[in-house]
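Trainee: mind folding the following:
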Amino acid sequence: RRRCAHTQHIPASSREGVPVSSTCGCRPIRRDEGAMPNSKAETVQQIIAGLGSDGTTLDLGYEGIGDEGVQALASAMAQGKTLNMRMLNLNNNSIGVEGARALASAIAQGHTPNLQLLHLNNNSIGTEGVLALARAIAQGKTPKLEVLKLIGNNIEPENVAWGTEVPAE
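Mentor: Residues are numbered from 1 along each chain as shown. Predicted coordinates for the structure are as follows:
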């Protein structure tokens with residue numbers, strides 16, 4: 001069983017969603033045990049449906065949701081489903097530039113004001129996706145964001161100078 005960074009949450013992919021402790025207040029999210037969804041977007045919608053406005057952890061790592069799933073997630077964010085979310089794990093999901101743009105748009109619109117940890121390791125968002133996220137974060141609507149993980153995303157280091165001003169589009 002995998003656990004979130006706070007060790008009290010069993011992720012959606014385990015189908016067990018049982019809290020182990022409540023030291024940071026993460027709320028477990030689990031996939032519906034009913035019929036399997038027809039699309040990646042439906043998978044995300046089912047998981048988000050159980051999140052509610054008090055959910056603080058959403059672990060979609062290794063779910064294979066791709067750009068379609070991130071777009072569904074961004075739509076749920078626009079409905080206020082993630083206002084209290086502190087940790088979002090989207091590691092290893094085949095997310096590309098379009099998914100990064102959708103997530104960046106949700107961040108820029110202020111749909112994740114309490115987000116502290118954003119895990120995007122081992123996707124394919126590339127330099128363009130990283131810059132879209134950087135521009136969104138630079139708008140200051142995620143003031144609590146402390147950790148952004150981007151390892152393994154085909155980022156061209158010569159095009160992204162960390163610690164410098166983000167270039168305008």
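
Trainee: export stretch 126-135 to CSV, keeping only CA atoms.
Mentor: In CSV, the C-alpha atoms belonging to stretch 126-135 read as follows (Å, rounded to 0.1, in the frame of the first residue of the first chain):
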residue,chain,number,x,y,z
GLY,A,126,8.0,19.9,-21.3
THR,A,127,9.3,23.4,-21.1
GLU,A,128,6.1,25.0,-22.5
GLY,A,129,4.0,23.3,-19.8
VAL,A,130,6.5,24.3,-17.0
LEU,A,131,6.4,27.9,-18.2
ALA,A,132,2.6,27.9,-18.2
LEU,A,133,2.6,26.6,-14.6
ALA,A,134,5.3,29.1,-13.6
ARG,A,135,3.2,32.0,-15.0
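
Trainee: which positions in that stretch come out as buried?
Mentor: By neighbour count on 16 or more other C-beta atoms under 10 Å, the buried set for stretch 126-135 is 126-135. Just so you know, the C-beta spots here come from the backbone N, C-alpha and C atoms, and that holds for glycine as well.

Trainee: same thing with stretch 76-91?
Mentor: Applying a neighbour-count criterion of 16+ other C-beta under 10 Å, the buried positions in stretch 76-91 are 76-77, 81-91.

Trainee: of those residues, which belong to helices?
Mentor: Secondary structure assignment by DSSP state H places 76-77 of those in helices.
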